[in-house]
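>>> generate coordinates for the sequence data below:
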Amino acid sequence: SVLIVSPEDDPAAVTRPRLEAAGADLLQARFVSVTSHTQTGTIDGTVSLPGDLPLIEQAIAQTGARLIIVDPIASALSGNLDRREDVRASFDRLAVLAQQREVTSGLIAHNRKGMDRVRQRISGSAAITDAARSVLVIARDEETGRVVLSVDKSSYSKAEGLSLAYEICE
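Numbers count the residues shown, from 1 in each chain. Predicted structure coming up:
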């Protein structure tokens, strides 16, 4: 199973149809959200890290998930994304949970525009790329229309610096 934390996209309207179109086994995709109960009813909210890590841990236990995807991390992190201490507080606790539960976490960040270096393009603090063990960057080559996947950081292999260009054909 895969746990998907995606505060910006409605699972029913956006994420699930995309997974289905890609041929994913929808029985293995689980969406994590927070439901608050108020006097006027229930409100579906977004997961906030690190505060909602117990919710994620419970979802791992219930589903046997092996992968957690957070897309985008900017919408799930509490605190200031530009403050190293706030970023590390969330990432370090998520890393401990992932290690204890033997799951992999894939965190998706959006790019800033107008930056020269790849690591500067990731929105938020440099602590995001510092904390990550691998950083994969995906961008479209405006000249060719091809998509380029580059390994910007790889702490556990010699893949750093490798790139793969590909096209998506319909």
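>>> and stretch 71-86, how far out from the chain middle?
Centroid separation for stretch 71-86 versus its chain: 12 Å, with CA atoms, centre = their mean, to the nearest Å.
>>> list the buried residues in the longest helix seen in the chain.
When the chain is parsed with DSSP state H, its longest helix is helix 84-101. Across helix 84-101, burial judged by 16 or more other CB atoms under 10 Å covers 86, 87, 88, 89, 90, 91, 94, 97, 98. For every residue, glycine as well, the C-beta is placed using N, CA and C.
>>> now do stretch 12-27
For stretch 12-27, burial by neighbour count (16+ other CB under 10 Å) applies to 15, 16, 19.
>>> follow-up on the earlier one: give me the mean pLDDT for the longest helix of the chain.
Averaging pLDDT along helix 84-101 yields 90.
>>> and the buried residues of stretch 12-27 as a markdown table, adding distance to residue 28?
As requested, the buried residues of stretch 12-27 are arranged in a markdown table below (distance: CB to CB, whole Å):
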| residue | distance to residue 28 |
| --- | --- |
| 15 | 13 |
| 16 | 12 |
| 19 | 9 |
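>>> which parts of the chain are helices?
Using DSSP H, helices in the chain cover 16-21, 53-63, 73-76, 84-101, 118-121, 127-131.
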